[in-house]
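Enquirer: task: produce atomic coordinates for the following.
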Amino acid sequence: MTATHNEMANAIRFLSVDAVQAANSGHPGMPMGMADVATVLYTKFMKFDPHHTNWADRDRFVLSAGHGSMLMYSLLYLSGVEDITLDDLKNFRQMGAKTAGHPEYGHIDGIETTTGPLGQGITTAVGMALAEKMQAARYGDDISDHYTYVIAGDGCLMEGISQEAISMAGHLKLNKLIVMWDDNEICIDGNTNLTLSDDQCARFEASQWNTIKIDGHNPAEIEAAIEKARNSDKPTLIACKTTIGYGAPTKAGTHDTHGAPLGEEEIKGMREGLGWHYGAFEIPQNVLEAWRSAMAKNSADREAWEGRLNTLDDATKAEFNRTYNGTLPAGWMDALNNFKKEMSAEAPKLATRQSSGKTLAVLTEAIPEMIGGSADLTGSVLTKTPSTESVLNTDFSGRYIHYGVREHAMGAVMNGMTLHGGFIPYGGTFAVFANYMIPAMRLAALMEIRTAYVLTHDSIGLGEDGPTHQPVETLAMLRSVPNLNTMRPCDVIETAECWAVAVASEKTPSGLVLTRQGLPTLRTEHTDENLSAKGAYVLADAEGGDRKVTLMATGSEVEIAMAARDTLQGEGIPTAVVSMPCWELFDAQDDAYKASVLGEGTAKVGVEAAMRFGWDKYIGSDGGFVGMTGFGASAPAGELYKHFGITAENVVAEAKARL
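Expert: The predicted model follows:
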């Protein structure tokens, strides 16, 4: 007997409530309320082959309301994805299970992005939809023609990042982005009228979106709305009026179903009320077959797409596959080494933001999939190169995205572009505004994806803009994030080397922390070896005997450490300078190398125009530190360094005090 829509939707509902009940933890209400929408979406529209989940032209689905993760897991299981089993659903939220509390990228095939922090999903989806447009501009609609669907909740739309996402998507006319809003009027505290009075549809329309209001439990209305949205020339919000916890006899429509198990009695009543006469985790064969059959049709779409891909000329097809798979082109490192050699010979005095701009000019010419951008700071962060024309809403062939003053969205959109495949995005802002971007940066690190952040004006060295813009605490924050390479190069050579690490790190995002003020080239002897890739190295060794002092510094303060070394060496004190552009890379080296660099038994002094936090790992609790102890001030950079005592003279004094 052929399964009905209600039976197929109820399969989602009961897998969700059974899994949450078994775990005694989770969020059943949203999957119960959005089961009808998800069923229509997947069985009628989603171009998704459960046996080839990484097919490049598949539709993307983002569960922005990631707390309702059992909706995602149920969909993947019912669709026939081999990477998820009924046992995985039974182990929901347990140690070692693929089925984590929130969907995690890389855990199960078919999960396009990690979601949970509300607002991140909808914004990441903007990046995916943008990447689809950009791929189509490069390879044509025969190769790139897919939709990005999002299920978002009230919380996603409350978070400020959602406005950045909505505004950007509307401006870019990302008409293949379709957001289905779970309009259930419930948040954790109770009814949403406790919190807001927004007209969400008017809000989206003001940002150049189409909006459609439907009954989220009426499959005919759902289907008609999605079909209309697919034929729009704008992104579309479908406001799905739903009942949270749909089907629960006493708790439906209340916040009690949001984040807690329903309880055995409530589930028993729900089975009776919805006519679901099956045990926990039991899906009748006709329902499972209906789901699998509905999704199996997509294999024909995939095969047809593969046929179209094979009609491309060999070079174009190879380039598509190379960029989609994330493999760098041949020769890029040769181009960068030639640049390093040229800069070592010229020895220019450049701010490292300028050094980064010069390096990017080389890299973006050699690596065509690199996509630049900035948060309305292009002239300051120097992220636009001769190879990167602007991306416009009338022309997506460009390679530079004007994000506007939207750091938070910029980070998440870059994540979406990386996850989509085909591009390596980088984006720039002032280092202090990494505080606006850190949730997206953290997710990039958690997902193990390659994105790069250009973070300039990195210290009191930015001068007169003052303490509001001087990021004394930001380095410590960035360094505390696991799997994020925080790089603070000291000159043009280290900057080039740090960029080499960033573009080659397929599973690690990178933050390049760069100066406003000019710095001398300290590395004037060329080597193809990437010394910065070790995280720290001896830039200038001790002379005239065994090392007595080790001065460690990053970025603009390496120059100060070198001046202090000259003084100490002149006084007969053998002193080495260690440049430490990336602590994370240094920590990954073997113990013998680390010991050789740090100089065991020597007096140690750290030098950095930031807070001491984290330095004791290298200098010891009794080591000297020359840096900041509080916020900065507004004055010319040179005066600020003297005012706060970040001078070669004070470094010498700290070293001598420890001999």
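
Enquirer: average pLDDT across stretch 124-144?
Expert: Stretch 124-144 carries an average pLDDT of 98.

Enquirer: buried ones in it?
Expert: Buried residues in stretch 124-144, counted by 16 or more other Cβ atoms under 10 Å: 124-136, 138-139, 143-144. No exception for glycine: its C-beta is placed from N, CA and C like everyone else's.

Enquirer: and residue 82, what element?
Expert: Counting by DSSP states H and E, no helix or strand carries residue 82.

Enquirer: ok, it - contacts?
Expert: Listed by Cβ atoms under 8 Å, 6 or more residues apart in numbering, the contact set of residue 82 reads 50-51, 109.

Enquirer: what's the one helix or strand residue 372 maps to packed up against?
Expert: In the assignment (DSSP H and E), residue 372 maps to strand 370-374. Where contact means 3 or more Cβ pairs under 8 Å, 6 or more residues apart in numbering; DSSP states H and E, strand 370-374 is packed against helix 352-366, strand 400-402, helix 407-420, strand 424-430.

Enquirer: mind redoing it with 7 Å?
Expert: The contact analysis (3 or more Cβ pairs under 7 Å, 6 or more residues apart in numbering; DSSP states H and E) places strand 370-374 against helix 352-366, strand 400-402, strand 424-430.

Enquirer: just for this structure, where's the confidence low?
Expert: Within the chain, no stretch has pLDDT under 70.

Enquirer: nearest residue to the middle of it?
Expert: For the chain, residue 444 is the residue whose C-alpha lies nearest the centre (Cα atoms, centre = their mean; 3.2 Å).

Enquirer: between the two ends of stretch 423-435, how far is it?
Expert: 25 Å (Cα to Cα, to the nearest Å).

Enquirer: can you give me the strands for the stretch 51-200 of the chain?
Expert: Taking DSSP state E, counting those that start in this stretch, the strands of the stretch 51-200 of the chain run over residues 60-63, 148-152, 177-183, 186-187, 190-191.

Enquirer: now distance to residue 280 and mean neighbour count too, for those strands, in CSV please.
Expert: Below are these laid out as CSV (distance: least, Cβ to Cβ, whole Å; neighbours: other Cβ atoms under 10 Å):
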stretch, distance to residue 280, mean neighbour count
strand 60-63, 23, 27
strand 148-152, 25, 28
strand 177-183, 25, 28
strand 186-187, 25, 22
strand 190-191, 30, 13
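
Enquirer: switch these over to TSV; also include distance to residue 479.
Expert: Output for the strands of the stretch 51-200 of the chain, formatted as TSV (distance: least, Cβ to Cβ, whole Å):
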stretch	distance to residue 479
strand 60-63	30
strand 148-152	33
strand 177-183	35
strand 186-187	35
strand 190-191	40
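
Enquirer: out of these, which comes closest to residue 616?
Expert: For residue 616, the closest of the strands of the stretch 51-200 of the chain is strand 60-63, at 41.5 Å, according to Cβ to Cβ.

Enquirer: now do that closest one: which elements does it pack against?
Expert: Judged by 3+ Cβ pairs under 7 Å, 6+ apart, strand 60-63 is in contact with helix 120-139, strand 148-152.

Enquirer: residue 313: which of these is closest?
Expert: When the helices and strands packed on strand 60-63 are compared by Cβ to Cβ, helix 120-139 sits nearest residue 313, at 11.4 Å.

Enquirer: for the helix or strand hosting residue 501, which residues meet the burial criterion?
Expert: Assigned by DSSP H and E, residue 501 belongs to helix 492-504. Within helix 492-504, the residues that count as buried by 16+ other Cβ under 10 Å are 492-503.

Enquirer: what packs against that helix?
Expert: Applying 3+ Cβ pairs under 7 Å, 6+ apart, one finds that helix 492-504 contacts helix 332-346, helix 352-366, strand 510-513.

Enquirer: got the ones you listed as JSON lines, with mean neighbour count and distance to residue 16 columns?
Expert: As requested, those are exported to JSON lines (neighbours: other Cβ atoms under 10 Å; distance: least, Cβ to Cβ, whole Å):
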{"stretch": "helix 332-346", "mean neighbour count": "17", "distance to residue 16": "47"}
{"stretch": "helix 352-366", "mean neighbour count": "23", "distance to residue 16": "46"}
{"stretch": "strand 510-513", "mean neighbour count": "28", "distance to residue 16": "38"}
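
Enquirer: in JSON lines, list these along with distance to residue 628.
Expert: JSON lines is the format used below for these (distance: least, Cβ to Cβ, whole Å):
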{"stretch": "helix 332-346", "distance to residue 628": "30"}
{"stretch": "helix 352-366", "distance to residue 628": "19"}
{"stretch": "strand 510-513", "distance to residue 628": "14"}
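
Enquirer: run the chain-centre distance for stretch 623-630.
Expert: 32 Å (Cα atoms, centre = their mean, to the nearest Å).

Enquirer: then it to PDB, C-alphas only?
Expert: The C-alpha coordinates for stretch 623-630 follow below in PDB (Å, rounded to 0.1, in the frame of the first residue of the first chain):
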ATOM      1  CA  GLY A 623      60.200  35.100  32.300                       C
ATOM      2  CA  GLY A 624      60.300  38.800  31.300                       C
ATOM      3  CA  PHE A 625      57.600  40.300  29.100                       C
ATOM      4  CA  VAL A 626      57.500  43.600  27.400                       C
ATOM      5  CA  GLY A 627      54.000  44.400  26.100                       C
ATOM      6  CA  MET A 628      50.600  45.700  27.100                       C
ATOM      7  CA  THR A 629      49.000  45.500  30.500                       C
ATOM      8  CA  GLY A 630      45.700  47.300  29.600                       C
END
